[in-house]
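Asks: dropping the sequence and predicted coords here.
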Amino acid sequence: MITLDNNVGGYLVRAFAEGHAVHAYIVEGDKAYIPSLLKQCAVVALCPSHTACGCDACQKVYDDVHQDVICIPRENRARLKVEDIAYLVEESSMRPVDNSIARVFLIDATSSTSGIGSDLWQNKLLKTIEEPTEDTYIFIGVTDADGLLATIRSRCQTLKQTRLNSKVIANELKRRGYDQKTSQIASVMANGSLQMAEKIIADNSIFEAYNTAIDTLENMLSTKVALPYVSRITNNTANVAHCLAFMTVLLGQSLHYRIAPELFELTALKATIDKICANYSIQASRVCIEKINSAKKSLDDGCNLNVVVDNLISGMLEVRYKCRL
Ligand SMILES: [Zn+2]
């Protein structure tokens, strides 16, 4: 038995069991969790009983060796190209090769729904979705289904990742023996997914990125010391997004702490939040959150990492200075 996200996986299992599975699905969830959600969809589609029972077919998908699971973008690129869809079109006309019941296409579109070329691949995909080949299933992973073209959305069914309240997740983590600070941090960063929270806790480099975020907001107070922070953030290349995301959460929590205490959750990080409140006025915190979000978007659009982070850090210092209390 392979554990499924109870919403996405459970819904698909029922759809196949009841005979109303469609050929194209949009899978909406947390960016870091999309690859795993897409894989779960492939398990359900290719498992002969569609139950994710742990059989050979299930296990092959799980181990990334099933030949009828085709993942795009290819070559570990973040952004989709029209060529990826051309490849999908070509491959979808072929019969299953791995002694299996269908071919499954997993499209990670989390970095491809905005910016240059984002409508090109979607328009190319549209025709395949409109006239699906028999025994072909397409799953499109996104963080926000509304970012896709309306024509794509209207031809797919949307599955959403289950989202739990972060306090529920924090309590469950504590019950499983994690300390309060770890539980709280993982719960606010897990986007409503207990599995994601455990994945975060198991990955030291993600926590290192969180510590960088804490240190930056606590101690980076002038342009004289800015450079080491820029390199610390950019050195942990794979986890820059985690670092930036945690910075927005910390600034957001500092706002809650000052304006809406009932929404303040990171009680185990009160000393950090106190320092952030002293460093960033309410106005400065708000503007910095906007700046971090637009930096995240620039990175998703493929802009140069060092340039983006460098601009962000100097922008934040400027805001900190301009929006003093
Ligand atoms: Zn199975």
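Replies: Thanks, I have it. Residues are numbered from 1 along each chain as shown.
Asks: residues contacting Ile116?
Replies: Ile116 makes contacts with Asp301, as judged by Cβ atoms under 8 Å, 6 or more residues apart in numbering. For glycine as for every other residue, the C-beta is placed from the backbone atoms N, C-alpha and C.
Asks: which residues in the stretch 1-150 of the chain form strands?
Replies: 24-28, 69-72, 103-108, 136-142 (DSSP state E, counting those that start in this stretch).
Asks: any chance of these in CSV, plus distance to Ile292 and mean neighbour count?
Replies: Shown next, in CSV, are the strands of the stretch 1-150 of the chain (distance: least, Cβ to Cβ, whole Å; neighbours: other Cβ atoms under 10 Å):
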stretch, distance to Ile292, mean neighbour count
strand 24-28, 23, 23
strand 69-72, 29, 20
strand 103-108, 23, 25
strand 136-142, 21, 25
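Asks: just checking, what packs against the worst-scoring helix or strand of the chain on mean pLDDT?
Replies: Lowest by mean pLDDT, DSSP states H and E among the helices and strands of the chain is helix 8-17, with a mean of 86. Other helices and strands packing on helix 8-17, by 3 or more Cβ pairs under 8 Å, 6 or more residues apart in numbering; DSSP states H and E, are helix 34-46, strand 157-160.
Asks: now do the first one: distance to the chain's middle.
Replies: When distances are taken as Cα atoms, centre = their mean, to the nearest Å, helix 34-46 is centred 15 Å away from the chain's centroid.
Asks: can you give me the buried ones in it?
Replies: Neighbour-count burial for helix 34-46 flags Ile34, Ser36, Leu37, Leu38, Lys39, Gln40, Cys41, Ala42, Val43, Val44, Ala45, Leu46 (criterion: 16 or more other Cβ atoms under 10 Å).
Asks: now those in TSV, please, with extra columns for distance to the ion.
Replies: Converted to TSV, those look like this (distance: Cβ to the ion, whole Å):
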residue	distance to the ion
Ile34	22
Ser36	17
Leu37	18
Leu38	17
Lys39	13
Gln40	12
Cys41	13
Ala42	11
Val43	7
Val44	9
Ala45	11
Leu46	8
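Asks: and the residues you listed, which is closest to Asp310?
Replies: For those, the closest approach to Asp310 (Cβ to Cβ) belongs to Ile34, at 28.6 Å.
Asks: quick check: closest non-adjacent residue to that closest one.
Replies: Gly141 (3.9 Å; Cβ to Cβ, 6 or more residues apart in numbering).
Asks: in the sheet, who's paired with that neighbour?
Replies: Beta-bridge pairing of Gly141 under DSSP bridges involves Val27, Asp108.
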